[in-house]
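> Give me a model of this one.
(one chain, ligands or ions: 1)
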Amino acid sequence: MRIGVFCSGGDAPGMNACVRSVVRGATSAGHEVVGINRGYQGLVDENLFLDSLGEAKMSARSVSNIIQRGGTILRSARCQAFQTEAGMQKAVETLEKFKIDGLIAIGGNGTFRGLNELVERWDGRVIGVPGTIDNDLVGTDYTIGFSTAVQTAVDAIDKLRDTAESHERLFLVEVMGRHSGYLALYTALAAGAEVACIPETPTDIPGMVDHLHSLQQTGKKSIIVVVAEGDELGGALILQDKLQKAKCSFALRTVILGHVQRGGSPTPDDRILATRLGDFAVRSISEGATAMMAGEINHECVLSPIKDSFSKRKELPKEMIDLLDRMSK
Ligand code: F6P
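Okay, here's the model as predicted:
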């Protein structure tokens, strides 16, 4: 087979490890691999990864020394052109011109929505691999990049806790997650935060102020509130304003971590997940699977319909929400 591979949407630490795994898994099984730069945009623009001889193919050596690197050597993009019929047709023409018969896309729900469109217009096989820091995809326990993003946020909060404690302050720390509180909740649990404000549960400002006041009365000197950017009341700056107006008894500061969470060297967990799923995607596509996402559930590699990844909502485990509640007393 000739297998195309690209990364699309927001980049995630571990995407490089996954590209490496796709290339090495495929070439060791005798397949050829074509790298596509900048996701769907590269298909629209015929922007392919060229090897040292200027050929549009990836070899085992093209992916040396990248397992530890954040970002993606194939680069990523959010492609407007692919949202038009003309753009999609151009992408299909590129796939046909370069005789690609299977495509592996590493990305999140927008990427998989695109794959679903491609399936309607192209005869080749497609498999998605979940690469996003958000961990918001049905069909996998964890997405590639989530572990590293939590680690990055926890490292930052450990530092903020020092200064919060010295000054007896409350820090609102905004993490990414437009529609999902996974990143915020797991960060809050790992960092020992007192509160997580997430889109999945209502954020009750008067209730929070009372809770913080009672913590202060029992001797708490510092407070960390982790805020998902997609919290239904708004991001951390809006919450800071609301807490101030509700006469929160702590001095408040806000830190927005933003894209810092998307960079950096992937954790071993992300490298291993990426390596397993990239190789599994290659084996699945060569055995005839298509329109599926390769995920890991209960430590097993599994395929699930690509449509599920963007049409179903991944629920946050309630036990984790309750656990944070008990730990924040
Ligand atoms: O989907 C991944 C993600 O990092 C979200 O958490 C965040 O809301 C979004 O991408 C930011 O996108 P951009 O990099 O295009 O601003």
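> going forward, measure contacts between C-alpha atoms and count neighbours the same way
Noted.
> quick one: the strands in the stretch 1-150 of the chain?
In the stretch 1-150 of the chain, the strands defined using DSSP state E, counting those that start in this stretch lie at 2-7, 32-35, 102-107, 125-130.
> and those, which is most packed in?
Greatest average neighbour count among the strands of the stretch 1-150 of the chain goes to strand 125-130 (a mean of 29), per mean count of other Cα atoms under 10 Å.
> Now do that strand: which elements does it pack against?
Applying 3 or more Cα pairs under 8 Å, 6 or more residues apart in numbering; DSSP states H and E, we find strand 125-130 packed against strand 102-107, helix 109-121, helix 268-286, strand 292-297.
> now the angle from the third one to strand 102-107?
Interaxial angle of helix 268-286 relative to strand 102-107 (axes from the mean of the first three to the mean of the last three Cα atoms, to 10 degrees): 150 degrees.
> Show residues contacting helix 268-286.
Identification of contacts with helix 268-286 by Cα atoms under 8 Å, 6 or more residues apart in numbering yields 1, 13-15, 17-22, 24-26, 67-68, 102, 104, 125-129, 144-148, 294-296, 301.
> And the buried ones among these, selectable in PyMOL?
In PyMOL, a selection of the buried entries from these looks like this (16 or more other Cα atoms under 10 Å):
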select buried, resi 1+13+14+15+17+18+19+20+21+22+24+25+26+67+68+102+104+125+126+127+128+129+144+145+146+147+148+294+295+296
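> ok, back up a step: Serialize the strands of the stretch 1-150 of the chain to a markdown table and add fields for mean pLDDT and distance to the ligand.
Listed next are those as a markdown table, based on pLDDT from 0 to 100; distance: least, Cα to the nearest ligand atom, whole Å:
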| stretch | mean pLDDT | distance to the ligand |
| --- | --- | --- |
| strand 2-7 | 98 | 13 |
| strand 32-35 | 98 | 22 |
| strand 102-107 | 98 | 9 |
| strand 125-130 | 98 | 11 |
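> export those to JSON lines and tack on distance to residue 176?
JSON lines is the format used below for the strands of the stretch 1-150 of the chain (distance: least, Cα to Cα, whole Å):
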{"stretch": "strand 2-7", "distance to residue 176": "19"}
{"stretch": "strand 32-35", "distance to residue 176": "28"}
{"stretch": "strand 102-107", "distance to residue 176": "16"}
{"stretch": "strand 125-130", "distance to residue 176": "17"}
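> For residue 168, list the residues it contacts.
By Cα under 8 Å, 6+ apart, the contact set of residue 168 is 221-222, 250-251.
> Including pLDDT and distance to the ligand, could those go into a markdown table?
Converted to a markdown table, the contacts of residue 168 look like this (pLDDT from 0 to 100; distance: Cα to the nearest ligand atom, whole Å):
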| residue | pLDDT | distance to the ligand |
| --- | --- | --- |
| 221 | 96 | 31 |
| 222 | 98 | 27 |
| 250 | 97 | 29 |
| 251 | 97 | 28 |
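> Please pick the buried ones from the residues you listed.
The neighbour-count test (16+ other Cα under 10 Å) applied to the contacts of residue 168 identifies 221-222, 250 as buried.
> Dump those residues into TSV; add distance to residue 290 as well.
Listed next are the buried ones among the contacts of residue 168 as TSV, based on distance: Cα to Cα, whole Å:
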residue	distance to residue 290
221	55
222	51
250	54
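> Out of those residues, flag the one nearest to residue 45.
Sorting the buried ones among the contacts of residue 168 by distance to residue 45 puts residue 222 at the head of the list, at 51.8 Å, by Cα to Cα.
> pretty sure that closest one is in contact with residue 158, am I right?
No - using Cα atoms under 8 Å, residue 222 is not in contact with residue 158, being 11.9 Å away.
> related to what we said a few turns ago, what's the most distant pair in the contacts of residue 168?
221 and 251, at 10.8 Å, using Cα to Cα across the contacts of residue 168.
> which neighbours do those two share?
168-169.
> tell me the mean pLDDT over stretch 231-249?
For stretch 231-249, the mean pLDDT works out to 97.
> That concludes my questions; thank you for your assistance.
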